[in-house]
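In: pasting the structure only:
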């Protein structure tokens, strides 16, 4: 009976596709399996022989496929055979009707700007239903919902809230204690180190004529270091005028403070402003710096 039904189905497909070109010698279509379940993907191998220069396109919308749906093309290759070319397509299809399902794969042979439809030899596949023969054709009711032991404790959310508040208070307390400890920490004053070697001006004396910028930079650094060690304030971070006022505030003689400020201003002019004093003035500045550092201004 199934074979009779398959033959009638193929005959009906042939009547519907009367204008379509039939399969030529060398064309073939092969299924890897003889039966499948409803909707189960199977592999269909299609071979089409064409003239050189032609291409083959699958025609999934053709009515010749019947109850077979084309899912996709896994591969497509070409093999020359003399003056002709064999096109091999691996296609995944799925049946969507039970029983003996007959169909005829359909392709289009494209040559230049012309497309010629071609129907391949008819095939048949036995499609098995997904349900057993005695399965009822209705949905079974769902079981009633049942309770689950171990529900949420009524104290869970209040405890979470108390924990969050306690954590916030602890963080605020730790922050306050840290800031308080930092503010109460005693500050250490910079005191002169009696074992620290006095600044050396020999390097400035050696390059006073050849590199006045380097020499005056050394003079300024030596004088500022000496003042920092002696009076305990950051002379390196102060300008010449600020240093002069700071020395007066520390009780240094105003005349000596002005001598130091004038020397440092002269050093800044040489280092940053391009001023180049005469050699005699350079020697005088070096002598003044040596008196400040060695004699203790």
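Out: It's in. Treat the numbers as computed from the prediction; the structure is a model and nothing was measured. Numbering: from 1, shown residues only.

In: and the biggest helix by length in the chain, how far out from the chain's middle?
Out: As far as residue count goes, and with DSSP state H defining each element, the longest helix of the chain is helix 156-184. Distance of helix 156-184 from its chain centroid, counting by C-alpha atoms, centre = their mean, to the nearest Å, is 37 Å.

In: Please apply the same query to stretch 27-35.
Out: Centroid separation between stretch 27-35 and its chain, computed with C-alpha atoms, centre = their mean, is 48 Å.

In: which residues are contacting that stretch?
Out: The set of residues external to stretch 27-35 that reach it, using C-beta atoms under 8 Å, 6 or more residues apart in numbering, is 42-49, 104-105, 118, 120-121, 123, 125-128. The C-beta positions use only the backbone N, C-alpha and C, and glycine is treated the same way.

In: Just the buried residues from those, in ChimeraX please.
Out: Taking 16 or more other C-beta atoms under 10 Å as the burial criterion, the selection of buried members of these in ChimeraX is written as:
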select :42,44,45,46,47,48,49,104,105,118,120,123,125,127
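
In: Flag every buried residue along the helix or strand that the longest helix of the chain is followed by.
Out: Elements were assigned by DSSP states H and E; along the chain past helix 156-184, the next helix or strand is helix 202-206. Neighbour counts over helix 202-206 (16+ other C-beta under 10 Å) mark 204, 205 as buried.

In: same for helix 202-206, what does it pack against?
Out: Counting contacts by 3 or more C-beta pairs under 8 Å, 6 or more residues apart in numbering; DSSP states H and E, helix 202-206 is packed against helix 212-231, helix 279-290.

In: can you confirm residue 260 is in a helix?
Out: Yes: with DSSP: H, G, I helix; E, B strand; the rest coil as the criterion, residue 260 is assigned to a helix.

In: For it, list the residues it contacts.
Out: 223, 227, 243, 244, 247, 292, 297.

In: excluding its backbone neighbours, what's nearest the fifth one?
Out: So that's residue 247. What sits nearest to residue 247 in space, not counting adjacent residues and going by C-beta to C-beta, 6 or more residues apart in numbering, is residue 257, at 4.0 Å.

In: same thing with the second one?
Out: Taking C-beta to C-beta, 6+ apart as the measure, residue 227 lies nearest to residue 235, with 4.1 Å between them; neighbours along the chain are not counted.

In: correct me, but that neighbour touches residue 220?
Out: No: under the criterion of C-beta atoms under 8 Å, residue 235 makes no contact with residue 220, lying 10.1 Å away.

In: Name the residues of stretch 54-68 that are buried.
Out: Taking 16+ other C-beta under 10 Å as the neighbour-count basis, stretch 54-68 is seen to contain the buried residues 54, 56, 58, 59, 60, 62, 64, 65, 66, 67, 68.

In: Could you give the number of residues near residue 137?
Out: Residue 137: 5 surrounding residues under other C-beta atoms under 10 Å.

In: ok, and the helix or strand in this protein with the lowest average confidence?
Out: Between all helices and strands in the chain, the lowest mean by mean pLDDT, DSSP states H and E belongs to helix 2-16, at a mean of 45.
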